[in-house]
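Undergrad: With the input below, show me the fold.
(chains A and B)
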Amino acid sequence: EPEVTQTPSHQVTQMGQEVILRCVPISNHLYFYWYRQILGQKVEFLVSFYNNEISEKSEIFDDQFSVERPDGSNFTLKIRSTKLEDSAMYFCASGVEIQETQYFGPGTRLLVL
Amino acid sequence: RKEVEQDPGPFNVPEGATVAFNCTYSNSASQSFFWYRQDCRKEPKLLMSVYSSGNEDGRFTAQLNRASQYISLLIRDSKLSDSATYLCVVNPSDLIFGKGTKLSVKP
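TA: Residues are numbered from 1 along each chain as shown, chains lettered A, B, ... in the order given. Sure thing, here's the model as predicted:
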C-alpha cells in the first residue's frame, strides 16, 4: 500500500539555524499539506499546496516558512531561522482531491535548542 | 479560527465495553468529516469518514448531525488495541483537528 514518507525522522538544530524537512507524497496525489503538533497539543494546519503553488496557509506559516516541490516527487518545508517554539512534530500529508481523505506521513520530530 | 471541540477524556474502559465519543464543530461551511486515531508519538491515521446518513465499519459507527454541527463515534466490544487518542477532524478546506479524546481499554 502506498505511503507518505518523511525524512529525517528526527532533527536537532540550534536556534537560528535553517532546517529543511522532506516528504515524498503518495505518487498519484495532487494536494500536499504540512501540519505540526507541539508535544501534548493538537495537530495544527500550516499550509496546503496544489498545482505548484500555495493554496492556503495558516497564521503560523509566517515569513520564516516556505514550501517547495523541487521535482516530481519531493515536497519540502523550510524553516529559515528556527526558534525554540518551532520544536514540534511536523507531519506531511497528501490527498487526491481537496476535502477528501488526507494520508499522513510518520512525521519529523524537530527539536530546537 | 473556527474550532472543533471534543470530549476531554480520558476514557478508561474494560475490554468489551461500548464507548461513545462526541464532537462539535463551529464552521457550518464544513463539507467533510473524519475520525482519525493517533497512537502515542505517531501520525494520525484515518479511522473512518463520516457521512450524513451515518456509517458503520465493523465495531465502529459514526454519525453526523449537520443541523446541530455534531459528530459522534461509537466503538462496540472494545479491544485492547483500540487504546489510542481519537481525533475528530473537520474539513472546510484544510483539516481542522480537535484536541482528541484519549481512550484506554483495560483487560
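Undergrad: what's the straight distance from one end of stretch A:27-38 to the other?
TA: With CA to CA, to the nearest Å as the measure, the ends of stretch A:27-38 fall 28 Å from one another.
Undergrad: Give the buried residues for it.
TA: By neighbour count with 16 or more other CB atoms under 10 Å in any protein chain shown, stretch A:27-38 contains the buried residues A:29, A:31, A:32, A:33, A:34, A:35, A:36, A:37. The C-beta positions use only the backbone N, C-alpha and C, and glycine is treated the same way.
Undergrad: Which members of those residues additionally contact chain B?
TA: Residues of the buried residues of stretch A:27-38 in contact with chain B (CB under 8 Å from any CB of the partner chain): A:33, A:35.
Undergrad: Describe which strands the helix or strand of chain B with the lowest mean pLDDT pairs with in its sheet and in which direction.
TA: When the helices and strands of chain B are compared on mean pLDDT, DSSP states H and E, strand B:96-97 comes out lowest with a mean of 90. Strand pairing for strand B:96-97, using DSSP bridges, gives strand B:84-91 (antiparallel).
Undergrad: Run through who's touching the strand it pairs with.
TA: Residues from elsewhere that reach strand B:84-91, judged by CB atoms under 8 Å, 6 or more residues apart in numbering or on different chains: A:42-43, A:99, B:4, B:6, B:21, B:23, B:25, B:27, B:30-40, B:44, B:47, B:71, B:73, B:95-98, B:100-103.
Undergrad: Likewise for stretch A:83-95?
TA: A:4, A:6, A:15, A:21, A:23, A:25-26, A:29-39, A:43, A:46, A:64, A:75, A:77, A:79, A:101-105, A:107-113, B:41, B:43-44, B:95.
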